[in-house]
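>>> show me the folded form of this:
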Amino acid sequence: MECHCKDHLPGDWHSHEGCDCQNNDYPTYAFVVTKVIEDYPGAGVVFISKTFMESLKLGDGDAVEVLGPNGCVVQAKNHPNSWIDTRMVSFDRDTMEKTGFQMFSQVKLRKAVCVEAETVTLQPPDGVDLTRQQIRSMMDKVDGVILTGSHSLSLQTNRGETIRFRIVETEPDEICKVCPSTRIRLVNQDGQEYSSTKETYFKDVGGLQDAVSKVREVVQLPLKHPEIFYRLGIDPPRGVLLHGPSGTGKTLIARAVAAETGSWFKSVVGSEIMEKYYGESEAKLRAAFEEAFKHAPAIIFIDEIDALAPRRDTSEGEVERRVTAQLLALMDGLEDRGAVMVLAATNLPNNLDPALRRPGRFDREIIIGVPDVPGRREILEIHTRSMPLGPVNLDDLAHRIHGFVGADIKSLCQEAAYAALRRSLPGLEDTDQQLSEDFLEAIVVEAGDFEDAFKGMRPSAGRRFEVNLNDAGWNNVGGYSREVEFLVDSILWPLKNVGFLEKLGVGRPSGLLITGPSGVGKTLMARSIAKESGFNVIEIRGPELLSKYMGESERNIRELFRQTRELAPTVLILDSVDSFATSGWSDSKVIDRIVNQLALEMNSIKSEKPILVVATAVSSDDVPPALRSTGRFGQELTLRLPEETDREEIFRKYLSRERIRYSGEMESLVREGEGLSCGDLEEICRRAILSAAKLLLEKEAAAPDGVELTENDLLRSIDQWKLMRSL
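As a prediction, this is how the structure comes out:
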């Protein structure tokens with residue numbers, strides 16, 4: 001009995017018993033193999049003429065079964081040569097070797113049904129260091145490729161380089177087709193999860209444990225385990241807004257989420273979307289979301305979203321209004337977005353359109369704040385773990401870099417490494433010879449290299465409010481032992497034990513007013529509190545907040561407290577707060593508005609991390625009563641003129657410095673310094689040192705090692721100071 005196949009090559013008739021064509025829905029055709037396509041990316045492909053693509057009922061990219069002892073399933077493609085004979089086909093080199101075909105071999109093909117791959121596990125070859133996003137973009141080039149179990153998959157990089165990956169496992173079937181929604185899993189040679197040195201993981205994000213845990217809860221959990229939300233009967237979050245000062249790690253967290261989840265990741269920069277022609281900006285935005293829908297589960301990351309979707313009520317451009325409306329429609333449209341998560345980052349959250357900041361769009365807002373001392377210590381460990389470190393005290397360094405964000409700390413470590421390079425191998429840029437291992441081993445980053453790097457660094461967060469705390473601290477406060485003890489017990493201890501006090505139902509201090517005559521050290525005491533607390537510091541003087549324009553002073557106060565909350569834990573120093581009441585304005589309503597705004601901001605200080613506002617004034621009577629109530633500046637510390645023991649301690653402090661040698665008694669100095677402030681005593685010592693140094697330089701040609709002071713030198717300086725003050 002003859003076979004009833006629809007077509008065979010002439011002379012290739014055979015019996016029905018040897019053919020399985022009756023058991024398949026698609027016809028079988030015979031072809032002759034000609035021409036081998038070299039280095040075609042993918043796992044296996046056959047090139048068929050356009051005529052027989054229609055006869056086999058095939059579309060470009062459909063699955064085709066190759067019959068025979070070494071049969072397999074490959075992907076069908078239109079033959080690149082339009083003049084090829086309709087009965088001739090071409091294979092790629094890998095398929096030719098796998099099937100054992102030779103040139104002009106006869107081969108039988110028929111259409112096959114191939115399921116879409118849910119998960120594909122690949123193993124990169126040794127020596128390959130590619131990120132997941134690079135591999136994902138390489139997989140997009142072979143969309144529709146047929147995978148066959150234990151065989152390899154050839155992928156091309158953007159530079160045209162071909163890399164062969166081993167197919168470890170495919171789900172749900174051994175033979176399946178890659179589609180946009182296929183999840184790619186990568187393993188190394190040991191079968192462990194693949195990691196690249198170019199990628200960022202959560203272990204590379206330091207000082208942001210709270211923010212990372214929140215991001216993992218609202219982003220990673222819905223993408224990896226959506227069944228939990230189905231069980232609870234709730235919709236998973238669809239949008240997360242990360243906001244905080246520049247350089248704190250908002251983009252870094254987004255990269256870590258993409259690497260940890262293994263989801264398809266699309267980065268959108270707000271400024272790149274904007275186009276001058278009508279409708280192009282909206283089309284770009286729609287295309288980004290449509291691409292994410294095809295590759296779901298996916299993450300869309302919008303960086304600098306304030307440039308993309310500003311407030312429509314204040315925006316002057318029509319393009320910005322249309323793009324904002326388009327983003328609102330995409331995030332909360334009639335169609336379900338599916339497993340697509342939108343991450344956005346900005347350092348200007350108040351510039352965003354309010355319609356975006358509601359549930360259903362950006363469900364969660366996570367503040368990425370400035371790291372505290374333990375956070376800075378953790379970031380230092382991350383950036384120095386591959387660095388040859390000498391005896392460097394990272395704990396001490398973490399206490400010194402107030403206001404430094406992650407980007408600043410990374411730059412500090414890099415500058416320290418360059419300083420070590422210049423110290424160990426000066427003039428290296430002029431050397432052409434290859435460096436030996438001994439030279440490389442000799443490069444060690446010492447503590448002095450960090451000191452050199454620290455001198456030229458300025459913190460990004462709060463750069464406008466940069467404060468020098470090098471001369472602050474309890475060691476630099478002369479006298480006032482009782483006042484220091486009060487601050488340690490009543491202010492610093494509660495701030496450092498906030499968690500324990502909250503369990504007891506006791507609130508933490510939020511405001512402190514330091515008063516006293518000029519020169520007693522009010523500002524030094526406030527800075528010392530900030531330094532000893534280890535918090536970030538903002539210092540601003542009262543007149544800097546005042547403006548002659550209507551509402552501008554209140555706006556300055558609101559902006560000041562907004563940045564204070566972003567930098568939390570923070571010590572905010574308001575120097576000369578009594579200037580609000582003595583500004584010289586005749587309109588008392590202006591002062592009332594400023595005071596009311598400041599009182600409102602202090603009442604609304606709500607942060608998981610502590611915030612302390614320290615104000616200084618000459619007298620508490622000069623501070624408006626609304627600011628002295630409980631909950632604002634409820635605690636007051638009055639600094640008096642130094643007493644006898646305080647004056648002695650101050651003199652010893654300034655006269656016991658290195659290279660300064662004092663010979664004489666202290667009793668007369670303490671007695672003659674009665675009625676003088678701390679600032680007066682410091683200036684008296686400074687002038688005495690200057691006079692002695694001038695006389696010494698006039699006698700000797702070279703600079704001496706130190707300066708010697710006598711009791712008469714100090715008494716003469718005190719008399720001159722009193723004479724000058726009496727004039």
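>>> who's in contact with the helix or strand where Ala325 lies?
Secondary structure from DSSP states H and E places Ala325 in helix 318-331. With C-beta atoms under 8 Å, 6 or more residues apart in numbering as the test, helix 318-331 has contacts from 238-239, 273-276, 281-282, 285-286, 289, 308-310, 312, 315, 337, 342, 353, 355-356, 360-362. To be clear about C-beta, it is placed using only N, CA and C from the backbone, and glycine gets the same treatment.
>>> go again with 6 Å.
Ser281, Glu282, Leu285, Phe289, Ala309, Pro310, Arg312, Ser315, Asp353, Ala355, Arg361 (C-beta atoms under 6 Å, 6 or more residues apart in numbering).
>>> what does stretch 74-86 give?
44-52, 58, 60-62, 64, 95, 145-146.
>>> how about stretch 591-604?
Residues outside stretch 591-604 that contact it (C-beta under 6 Å, 6+ apart) are Ser553, Glu554, Ile557, Phe561, Phe580, Pro624, Ala626, Arg632.
>>> same deal with stretch 397-409?
Residues outside stretch 397-409 that contact it (C-beta under 6 Å, 6+ apart): 247-249, 370, 373, 376-377, 379, 459-462, 534, 536-537.
>>> which ones among those residues map onto strands?
Counted as lying in strands by DSSP state E, out of these, are Asn536, Val537.
>>> closest one of the contacts of stretch 397-409 to Val257?
Gly249 (11.9 Å; C-beta to C-beta).
>>> spatially nearest residue to that closest one, not counting backbone neighbours?
Nearest non-adjacent residue to Gly249, counting by C-beta to C-beta, 6 or more residues apart in numbering: Gly406, 4.7 Å away.
>>> repeat that for Tyr194.
Leu186 (3.6 Å).
>>> number of nearby residues for the one you found?
20 (other C-beta atoms under 10 Å).
>>> what's the answer for the one 10 residues further on, then?
Neighbourhood size, Ser196 [other C-beta under 10 Å]: 18.
>>> what does the one 3 residues further on give?
Under the neighbour criterion other C-beta under 10 Å, Glu199 is assigned a count of 19.
>>> now, the contacts of stretch 74-86 that are in helices?
Of the contacts of stretch 74-86, the ones assigned to helices by DSSP state H are Lys50, Thr51, Phe52, Thr95.
>>> separation between the second one and Ala112?
Put plainly, it is Thr51. Thr51 sits 20 Å away from Ala112 when distances are taken as C-beta to C-beta, to the nearest Å.
>>> neighbour-wise, which of those two wins?
Shown here are Thr51 and Ala112; by other C-beta under 10 Å, Ala112 has more neighbours (19 against 13).
>>> so that one touches Cys72, yeah?
No - between Ala112 and Cys72 there is no contact, the gap being 10.0 Å when judged by C-beta atoms under 6 Å.
>>> returning to what we had before: now flag whichever of the ones in helices among the contacts of stretch 74-86 is closest to Tyr549.
Closest to Tyr549, out of all of the ones in helices among the contacts of stretch 74-86 and judged by C-beta to C-beta, is Lys50, at 73.6 Å.
>>> for burial, what's the neighbour tally of the closest residue to that closest one other than its chain neighbours?
Once flanking residues are discounted, Lys50 sits nearest to Asn78: 5.8 Å by C-beta to C-beta, 6+ apart. Here the number of neighbours of Asn78 (other C-beta under 10 Å) works out to 15.
>>> who is Asn78 paired with across the strands?
On the basis of DSSP bridges, Asn78 is bridged to Ile48.
>>> same thing with Leu153?
Phe165.
>>> ok, then the element right after the longest helix along the chain?
Taking DSSP H as the criterion, the chain has its longest helix at helix 678-699. The helix or strand immediately downstream of helix 678-699 is strand 707-710, counting by DSSP H and E.
>>> continuing past that next one, what's the next helix or strand?
In N-to-C order, the element after strand 707-710 by DSSP H and E is helix 711-726.
>>> just the CA trace of that following helix, in PDB.
Taking C-alpha atoms only, helix 711-726 is exported to PDB below (Å, rounded to 0.1, in the frame of the first residue of the first chain):
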ATOM      1  CA  GLU A 711      52.400  85.400  82.600                       C
ATOM      2  CA  ASN A 712      53.300  89.100  81.800                       C
ATOM      3  CA  ASP A 713      52.500  88.500  78.100                       C
ATOM      4  CA  LEU A 714      49.000  87.300  78.900                       C
ATOM      5  CA  LEU A 715      48.400  90.100  81.500                       C
ATOM      6  CA  ARG A 716      49.500  92.700  79.000                       C
ATOM      7  CA  SER A 717      47.100  91.200  76.400                       C
ATOM      8  CA  ILE A 718      44.300  91.400  78.900                       C
ATOM      9  CA  ASP A 719      45.000  95.000  79.700                       C
ATOM     10  CA  GLN A 720      45.000  95.900  76.000                       C
ATOM     11  CA  TRP A 721      41.700  94.100  75.400                       C
ATOM     12  CA  LYS A 722      40.000  95.900  78.300                       C
ATOM     13  CA  LEU A 723      41.400  99.200  77.100                       C
ATOM     14  CA  MET A 724      40.100  98.700  73.600                       C
ATOM     15  CA  ARG A 725      36.600  97.600  74.900                       C
ATOM     16  CA  SER A 726      36.400 100.700  77.100                       C
END
